[in-house]
Every structure is written in structure tokens, then in C-alpha cells.
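Student: Requesting a structural model of the entry that follows:
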Amino acid sequence: MTAMAASMPSGAPTANAPSSTVFVRNLPPGSVHSDLTSLFSSLGPVKKSSVIKPANAPDGSLNFGFVKFVTVRDAERAAKDMNGAEIEKQGRRYKIMVEIAVDKGQQ
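Tutor: Prediction:
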């Protein structure tokens, strides 16, 4: 196991490394990445945001997405402050769920 760890590139993420990305679910239908950036940018600089869309309906949304912050601290604050927040779109309210994203490839 030591030999394997030694062969990993310097700075490579590990399974226990804190994530600077949050997972956001229960987004309003029709949400786009700029909606996420606008919603979360007050909590810290957003490096990237994305809303996941189904392959068979590229104009739709699966109502979840990801926001990658510049720092882990900002992601942690976003998960704490925005989890359960209500947002409004087209006259309807949506309670979003926000948590630190887990990289399934690292487990």
C-alpha cells in the first residue's frame, strides 16, 4: 500500500480530502448554471456551476446540480447556510437541499 501511495502524483485528491463542491437538489424546473452561480455567489467566489440535464431532453433539467467554490470553507458555509432555503421561480417556491458533494470516484 505504501508503494501505491508513493506513485500518486503530488497534490492528488484523496478519499478523505474536503470538497469545495456542493450538491444542490430540488432546483426549480428550467434552472440553468447561471441561476446557481447567482444564487451562491454571495457566499464566496464560484469557480463553476452546472445543472444536470437528461440526455433525452436537453432542454429540461433533472432538478439538481453542482456548485464548485474556490475554497472548501465557502462550500461548507454554502451547505450550512443554504440547505433548506426557499427560492422562488415563476411564482412558485422551492425548498432546495444543499450538501457537500462526495466524489464517487474517490470511494
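
Student: can you point me to the longest helix in the protein?
Tutor: helix 72-82 (DSSP state H).

Student: Past it, which element shows up next along the chain?
Tutor: strand 86-89 (DSSP states H and E).

Student: can I get the CA coordinates of the next helix or strand after that next one in CSV?
Tutor: Later in the chain than strand 86-89, the nearest helix or strand by DSSP H and E is strand 92-95. In CSV, the C-alpha atoms belonging to strand 92-95 read as follows (Å, rounded to 0.1, in the frame of the first residue of the first chain):
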residue,chain,number,x,y,z
ARG,A,92,-43.7,29.0,-7.2
ARG,A,93,-41.5,28.3,-4.1
TYR,A,94,-38.9,25.5,-4.0
LYS,A,95,-37.1,24.3,-0.9
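
Student: I'd like the next helix or strand past strand 92-95.
Tutor: strand 97-100.

Student: list the buried ones in stretch 66-82?
Tutor: 66-69, 74-79, 82 (16 or more other C-beta atoms under 10 Å). In short, each C-beta sits where N, CA and C put it, glycine included.

Student: To clarify, my last question referred to stretch 47-65.
Tutor: 49, 51, 61, 63-65.

Student: quick revisit: give me the residues contacting the longest helix of the chain.
Tutor: Outside helix 72-82, the residues within contact range by C-beta atoms under 8 Å, 6 or more residues apart in numbering are 18-22, 24, 39-40, 43-45, 67-69, 96, 98-100.

Student: and of the buried residues of stretch 66-82, the nearest to residue 55?
Tutor: residue 66 (17.3 Å; C-beta to C-beta).

Student: tell me the pLDDT at that closest one?
Tutor: pLDDT, residue 66: 97.

Student: For it, name its beta-bridge partners.
Tutor: residue 23, residue 50 (DSSP bridges).

Student: Equivalent analysis for residue 86, please.
Tutor: Going by DSSP bridges, residue 86 forms beta bridges with residue 95.
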